[in-house]
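> Provided below are the primary sequence and the corresponding predicted coordinates.
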Amino acid sequence: MSDAGNLADQPITALKGVGDKFAQVLAKLHIASVQDLLFHLPLRYQDRTRVVPLAALLPGVDAVIEGEVRAADVVFGRRRSLVVRLQDGSGTITLRFFHFTAAQKNRFARGVRLRCYGEARRGASGLELYHPETEIVGEETSPQPDTLTPVYPLTEGVSQIRLRGLMHQALEMLERGGVEELLSVELLPRDMDYPLAGALRYLHQPPAGADLAQLAEGMHPAQQRLALEELLAHHLSLLELRRENSAVSAPPLPANAALERDFLSRLPFALTGAQQRVCTEIAADLATARPMMRLLQGDVGAGKTLVAALAALKAIGSGAQVAVMAPTEILAEQHRRNFCGWLEPLGIGVAQLTGSLKTAERRTQLAAVAGGEAQLVVGTHALFQPEVVFHNLALVIIDEQHRFGVRQRLELREKGAADASGGRLQPHQLIMTATPIPRTLAMSAFADLDCSVIDELPPGRQPINTVAISNERREEVMQRVQGAVAEGRQAYWVCTLIEESETLQAQAAETTASELAETLQDVRIALVHGRLKPDEKERVMNAFKAGEVDLLVATTVIEVGVDVPNASLMIIENPERLGLAQLHQLRGRVGRGSIASHCVLLYGTPLSQNGRARLQALRSHSDGFAIAEEDLRLRGPGEILGTRQTGEIQHRVADLQRDAHLLPQVQRIASAPTLGQRERQRLVARWLQNRPRFAEA
Ligand code: ADP
Ligand code: MG
């Protein structure tokens, strides 16, 4: 390949018709080079390669049709529309236009031959095409293409036609080489041995007759070949991150046995075996001058907070500071109380930084952090802000990791303490998650982290008895709440909505709360949702904790971490709307004390087959890891690494759920000695240059 031919080095302006201004528009699609353009793949395809006889048209499918106009009339129905009857040798069909001009109507004269492209839908008169593209046959009909027509993702200022034109040029350049093959055939799985250039060509111009369904699913070998390469590139970049990480220094934090003994002797219980084992792993990391990057996984209620406290004591015992970061104010507040309760008796100062602090209070807290009087600071995202200056930060603990992006993880590095020569030491990081990540996913998506797992719950926990009940039996469920409260127990009633809008969620919860208040007698009901002011939220949570509230009606804001042991009944409305992992999290709010706990999944009818399977999975498994595996198998939308993982890795071709089966291959190739250093670097550059590695959270 000639150097001039390397399309990664050819700026997009090398194409005819692309000036600096248009290049800026393309930059919004992360296209800077000709190679980037070639990696900008179609979202879907149109089949314009053949004319479909009218009798063979299927509803819901785009198609080209051709026929003679039999009539064109303006019809005054509910909406004025132009209705054109088209006929071919096999049958007739209706074209319907709600927006049209007189000139258009006149074009569709009786006897004219029309070629149309559009999606047939069932309408008033059988199959109809709404606003199809139309062309009069004979005038200057464009030639029928012999490949499928790609439909690309666009941005303002770029049209399909223009992008297709550019792609033509780029594909011509590709014919002459210019996209380097970085994976040798031996490295590729046999069913994917597609040369990269061949895969790109195929995906931009699939031949007539290509398997559209397979392409739509992203399962064509050409797509899989690219997905594999992309996943590999991400994996390699994380491995690189890990390598870089081991090259920087962190303050070594040896154990302070006396302090830890003092701490443990005040606890009303002993550590579980799993907690002990994980603490030993963490201690070994902290004792070295290499920054710890450890993911601590443990099922809901496994006791991660305590492990975090023991890690914190190592830093504090060495005279350094600890930051504990939580995803929500409710959780930050809970951690603050826990840590205060545990650490203040040992003479350790605990500060708090959340977005809702009043200015004066905030100033006091900031000063305590900067001056070092606070050895531990608990907070939310507010901990990231530039005006937060630490005295000597040595350990960062991030709770419920899935809410934080990898990017933020990297930013935290900048907050470390200075070393003797004035250089920055990177703090150790402990990342805790209760959303278990199946092993293969974890190894790829978090390849820059070491993993510890707490695989044992504290003793005496009663399993949560989970039942699924149709919403038609809502009355019964309410009576059950009444009964539980009469026995002195507390309950959660969780309202779910698919909409991310906090306002709508809050409204739904308010409606439910008043309905429950009307039905249930002598039950003290309170409401908590994302629209409440932080101090209001705190007041409600405290009242619930103190047992002054019997029934807490909540949105999914209570999903993570909240710990009220006396709460032993949870009703989850419309559980079919949530992912399994999220449901498992929610359910984990009960079963924290020694009383038997119950979770009622109050589902809406009718329940889809997948919905049924997912609720069943939740009923039959209590172990978060088993549920996560099941989740991956059932692949509901947006689960595990789905919508809740904004802030995580962004892919162009690959889809971590769809392509999870490729991950073992990815790991195999990444560890193959035959994959050279240069190839590794080029793979990362090819897939990760010019784009944010991680989405903004
Ligand atoms: P999670 O892992 O979900 O964050 P928490 O740290 O909130 O769990 O712990 C859940 C509950 O279990 C807390 O009330 C905590 O005090 C208690 N706990 C933690 N470790 C133990 C243990 N070894 N024995 C008994 N109870 C424990
Ligand atoms: Mg927790």
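Alright, I've got the coordinates. Ligands and ions are numbered 1, 2, ... in the order given.
> Which of the helices and strands in the protein ranks last by mean pLDDT?
Ranked by mean pLDDT, DSSP states H and E, the weakest helix or strand in the chain is helix 406-411, scoring a mean of 60.
> Pairing partners for the very next helix or strand once past that one, with directions?
Scanning forward in sequence from helix 406-411 by DSSP states H and E, the next helix or strand is strand 428-433. Counting by DSSP bridges, the strands paired with strand 428-433 are strand 293-298 (parallel), strand 393-398 (parallel).
> can you tell me which of those strands the model trusts least?
The stretch with the lowest mean pLDDT among the strands paired with strand 428-433 is strand 293-298, at a mean of 88.
> Distance from the chain centre to that one, please.
Counting by CA atoms, centre = their mean, to the nearest Å, strand 293-298 is centred 19 Å from the centre of its parent chain.
> So that strand, near ligand 1 or not?
Yes - applying CB under 6 Å from any ligand atom, one finds strand 293-298 touching ligand 1 at Gly298. All C-beta spots, glycine's among them, are computed from the backbone N, C-alpha and C.
> Just the C-alpha atoms of whichever helix or strand comes after that strand, please, in PDB.
Next helix or strand after strand 293-298 toward the C-terminus (DSSP H and E): helix 304-317. Only the C-alpha atoms of helix 304-317 are listed here, as PDB (Å, rounded to 0.1, in the frame of the first residue of the first chain):
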ATOM      1  CA  LYS A 304     -19.900  -3.400  51.000                       C
ATOM      2  CA  THR A 305     -20.100  -0.200  53.000                       C
ATOM      3  CA  LEU A 306     -18.200  -1.900  55.900                       C
ATOM      4  CA  VAL A 307     -15.500  -3.000  53.500                       C
ATOM      5  CA  ALA A 308     -15.200   0.500  52.300                       C
ATOM      6  CA  ALA A 309     -14.900   1.700  55.900                       C
ATOM      7  CA  LEU A 310     -12.000  -0.700  56.500                       C
ATOM      8  CA  ALA A 311     -10.300   0.500  53.400                       C
ATOM      9  CA  ALA A 312     -10.800   4.100  54.500                       C
ATOM     10  CA  LEU A 313      -9.200   3.300  57.900                       C
ATOM     11  CA  LYS A 314      -6.000   2.300  56.100                       C
ATOM     12  CA  ALA A 315      -5.700   5.700  54.500                       C
ATOM     13  CA  ILE A 316      -6.700   7.600  57.600                       C
ATOM     14  CA  GLY A 317      -4.400   5.500  59.700                       C
END
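> Helix 304-317 vs strand 293-298, what angle?
150 degrees (axes from the mean of the first three to the mean of the last three CA atoms, to 10 degrees).
> neighbouring contacts of helix 304-317?
253-256, 259-260, 263, 267, 271, 275, 278-279, 282-283, 286, 296, 298, 321-322, 324, 335, 338-339, 342-343, 348, 375-376, 394-395, 397, 399, 428, 430, 432, 434, 454 (CB atoms under 8 Å, 6 or more residues apart in numbering).
> Buried ones among those?
Buried subset of the contacts of helix 304-317 (neighbour count, 16 or more other CB atoms under 10 Å): 253, 255-256, 259-260, 263, 271, 275, 278-279, 282-283, 286, 296, 298, 321-322, 324, 335, 338-339, 342-343, 348, 375-376, 394-395, 397, 399, 428, 430, 432, 434, 454.
> Might you enumerate the residues of the stretch 151-300 of the chain proximal to ligand 1?
So the stretch 151-300 of the chain meets ligand 1 at 269, 271-272, 275, 298, 300 (CB under 6 Å from any ligand atom).
> Please repeat the previous calculation with a cut-off of 5 Å.
For the stretch 151-300 of the chain, the residues in contact with ligand 1 (CB under 5 Å from any ligand atom) are 269, 272, 298, 300.
> again with the chain
Residues of the chain found near ligand 1 (CB under 5 Å from any ligand atom) are 269, 272, 298, 300-306, 458, 563.
> okay, and for the stretch 401-550 of the chain, where does confidence drop off?
401-424, 435-446, 498-501 (pLDDT under 70).
> which residues of it fall in strands?
Per DSSP state E, counting those that start in this stretch, the stretch 401-550 of the chain carries strands over the ranges 428-433, 450-454, 464-470, 490-494, 525-528.
> need these in CSV with distance to Asp535, can you?
Output for the strands of the stretch 401-550 of the chain, formatted as CSV (distance: least, CB to CB, whole Å):
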stretch, distance to Asp535
strand 428-433, 26
strand 450-454, 33
strand 464-470, 32
strand 490-494, 21
strand 525-528, 12
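> between these, which gets nearest to Leu615?
Distance to Leu615, taken as CB to CB, is lowest for strand 464-470 among those, at 4.7 Å.
> rewinding a little: just the buried ones out of the residues of the stretch 151-300 of the chain next to ligand 1, please.
272, 298, 300.
> which residues touch the first one?
In other words, Thr272. By CB under 8 Å, 6+ apart, the contact set of Thr272 is 303, 454, 456-459.
> Also the last one?
Contacts here follow CB under 8 Å, 6+ apart; on that basis Val300 touches 434, 584-585, 587-588, 624.
> of all these, which two lie farthest apart?
Going by CB to CB, the pair spanning the contacts of Val300 furthest: Ala434 and Arg587, at 11.3 Å.
> Which parts of the stretch 1-150 of the chain are strands?
44-46, 62-76, 80-87, 92-97, 113-123, 126-130, 133-136, 149-151.
> List the buried residues for the fifth one?
Of the residues in strand 113-123, those buried by neighbour count under the rule 16+ other CB under 10 Å are 113-120.
> hey, C-alpha coordinates of the strand or helix carrying Tyr202 in PDB?
Tyr202 belongs to helix 196-204 when assigned by DSSP H and E. Taking C-alpha atoms only, helix 196-204 is exported to PDB below (Å, rounded to 0.1, in the frame of the first residue of the first chain):
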ATOM      1  CA  LEU A 196     -11.800  -5.600   6.500                       C
ATOM      2  CA  ALA A 197     -12.100  -3.800   3.200                       C
ATOM      3  CA  GLY A 198     -14.500  -6.500   2.000                       C
ATOM      4  CA  ALA A 199     -16.700  -6.100   5.100                       C
ATOM      5  CA  LEU A 200     -16.800  -2.300   4.600                       C
ATOM      6  CA  ARG A 201     -17.700  -2.600   0.900                       C
ATOM      7  CA  TYR A 202     -20.400  -5.200   1.700                       C
ATOM      8  CA  LEU A 203     -22.000  -3.000   4.300                       C
ATOM      9  CA  HIS A 204     -22.000   0.200   2.200                       C
END
